[in-house]
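A.B. asks: Below is the structure, and that's it, no one-letter string:
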């Protein structure tokens, strides 16, 4: 899953670093709070990073004689807490890039995004759902499986978009030469069929052992008192949204069917736009292409972002349990 | 506890061992032990290959140089440019000792070959130009990172990051990670050896064993963390990671960086004149 | 014919020497105590004997079978060797990985596919021999250092090995527990087991009258003496007391 250098365009790498930056900020704030309650969390970050390193280098046997390796993103999130896991895994990915040549240096942001953010977060969310339904192990199993597959999917998309994002005037790709039609199936097939199961089984077995031998060493969820870090994260994303303008091309996956057809033709992939997209549902988004009336385009971006955030907040609010009992 | 020593052994222990053997194809432990031993050997030799006394670069500058080099290689699509960058890199490689150069070439060729194998099928998709350009660029990037790894110690990396104003907590975490990678790695190796000693038949559930292996490793790392924090506090840790200032010549630093700065300038302003 | 025969064994670590041209013969039923300064090669020798490492140079014969890297690379042969040789590690933390002491001791016999009744018998016997019966349902991870030592020995004994290797088995034990362990080892020796242990505790070990193999700081064997021979050499004794 480690993306080496030169597979992603520097612009993609930069964008992904900017995307991870707010997550890191929240993680630092969250972990600082965690350190106040459990002081050993501070050295644990570094030690967990080396633990993750060892997990990633351990070859697990799979039927057929070959081997695979686990990443341990979900496992770490459950063992030391999701935010601490984000920081620890980031350090692991950096260490691998700088000192061991696993994964690129420019691609650090992308690798951190996939393995240090998406994987522990998706995995941990599933685990929490499992805990809520009194089946933590089931949640963990699904979380580990989903976590690595979502991360692989995102990695596949990052790679597969390169021919569309960066190519010469004649259409020859400058970075990863394979399109989405190759990278996504390739990444997903490997992870859905093999690596995902390996990761899930590994995660549950280690968790089971720790749970049995020393349950107090597992990360204990403290009742949430403040929602401020979420606010920082969302605020940061809103401010960053005009970054979309920096990309000279249209946004990923946001092409109109005609444009898509043209792009696909350029890539010799298909001469026809997918049928479903031509005849499928056409709903006019409220803010078509993020322009509202005659407002400058950047303001449109920010407004759209704020709207999305508000909808997200409302959704979260609706799904929450009430803290106080109503009379 | 009873203090009486049983003087006679149970009968099964007095009889000679009945050896059994069951066929097995693959032993995952032996393979991983080798793997880990290589890593530990590498970690126990943190000295860089090149330690030029006269021309010592400050860690932050060499980190900066690496960043500029990789960025330039990644950004350009002009073979002439890549040629110049390759020459610059080759000049640096001249400083390596012959044995180090051989080591460098071996691992560099191997990693470039793997990169080429991955990109080769695209020949039928997009033609030879892309494959060549991609291979050339990847090779150059791999060479520059490989050179950096050969010439930089972990300590230098840390002080380089420190000079570039990386947050203290981050540097401390990185330092702990590097130190404990060795300690945990050693512990894992010992655990695998102990398991190996008692693996007297093919494992029925290898994954369960691996689960306990890493479960134990996590518990050990937790214990390490508690000890380390106690030790940090005992030594008056105040949250600041203090580093010894490096004694290097600023003039050398600037001189080494100059060709790169010139290249960056040419790269940025050259576009207008169609140089790249 | 000797059970173990080492000819010209050397072992090199990446930067330093581990063992330097070692020659040693060990017979069935020997009780050997390896002594010497720290880092003189005792643990390295135990690891080579157990087949965890292969010597850089030299010849190791176990029961007339040459133990080479190729021999150990075959999983079946490797497991055959490990059925005959048991090793108690210096750091017993690494050796205990099950979730209960009873499971820990049953781990080896269970792999061999023995019937459950026999496994249960072995577990009970081994825990009794090592005075650990009351630890049966505890979690090994939470035991004290001395308790871990005893459980580690029990778990190795359960496999009924012909040769028992012990790396500093007396460390972390009380004097009474040290004596108990030595008595048990002596009983095992009387039953025909071969015992090879590395130790610093000359005073305690002297009581069981082993054969002393003494290393010097240059990773070579300095002396190989029976307890009776050592008794006639006060200088050597005085040196061992300082270890």
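C.D. replies: Arrived safely. These numbers come from a predicted model, not from an experiment. Numbers count the residues shown, from 1 in each chain, chains lettered A, B, ... in the order given.
A.B. asks: Give me the neighbour count for residue A:62.
C.D. replies: Residues near residue A:62, counting by other Cβ atoms under 10 Å in any protein chain shown, number 15. Placement of C-beta: from N, CA and C, glycine included.
A.B. asks: correct me, but it touches residue A:196?
C.D. replies: No: contact between residue A:62 and residue A:196 fails when scored by Cβ atoms under 8 Å: they sit 11.7 Å apart.
A.B. asks: give the contact list for residue 172.
C.D. replies: Chain wasn't specified; assuming chain A. B:126, B:127, B:129, B:130 (Cβ atoms under 8 Å, 6 or more residues apart in numbering or on different chains).
A.B. asks: not quite, I wanted chain C
C.D. replies: By Cβ under 8 Å, 6+ apart, the contact list for residue C:172 reads C:145, C:146, C:149.
A.B. asks: Quick one, which of the residues you listed are buried?
C.D. replies: Buried members of the contacts of residue C:172, counted by 16 or more other Cβ atoms under 10 Å in any protein chain shown: C:146, C:149.
A.B. asks: For chain A, state which of the contacts of residue C:172 is nearest.
C.D. replies: residue C:145 (17.2 Å; Cβ to the nearest Cβ).
A.B. asks: in chain C, which spans are strands?
C.D. replies: Assigned by DSSP state E, the strands in chain C fall at C:4-12, C:17-26, C:31-35, C:57-62, C:65-66, C:85-88, C:163-167, C:194-198, C:211-215, C:221-226.
A.B. asks: Is there a neighbour count for residue 71? I'd like the number.
C.D. replies: As the question left the chain open, I've gone with chain A. 30.
A.B. asks: that's the wrong chain, I wanted chain C
C.D. replies: Per other Cβ under 10 Å, the neighbour tally for residue C:71 reads 17.
A.B. asks: Same question for the one 10 residues further on.
C.D. replies: Each residue near residue C:81 was counted by other Cβ under 10 Å, and the total is 22.
A.B. asks: Spit out the contact partners of residue C:31.
C.D. replies: So residue C:31 contacts C:185, C:186, C:189, C:194, C:195, C:208, C:209, C:210, C:211 (Cβ under 8 Å, 6+ apart).
A.B. asks: The longest helix belonging to chain C packs against which elements?
C.D. replies: Criterion DSSP state H: the longest helix present in chain C is helix C:175-190. Applying 3 or more Cβ pairs under 8 Å, 6 or more residues apart in numbering or on different chains; DSSP states H and E, one finds that helix C:175-190 contacts strand C:31-35, helix C:145-157, strand C:163-167, strand C:194-198, helix C:202-206.
A.B. asks: need those in CSV with mean pLDDT, can you?
C.D. replies: Formatted as CSV, the helices and strands packed on helix C:175-190 follow (pLDDT from 0 to 100):
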stretch, mean pLDDT
strand C:31-35, 94
helix C:145-157, 93
strand C:163-167, 94
strand C:194-198, 95
helix C:202-206, 88
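A.B. asks: Quick one: closest of the ones you listed to residue B:10.
C.D. replies: helix C:145-157 (10.0 Å; Cβ to Cβ).
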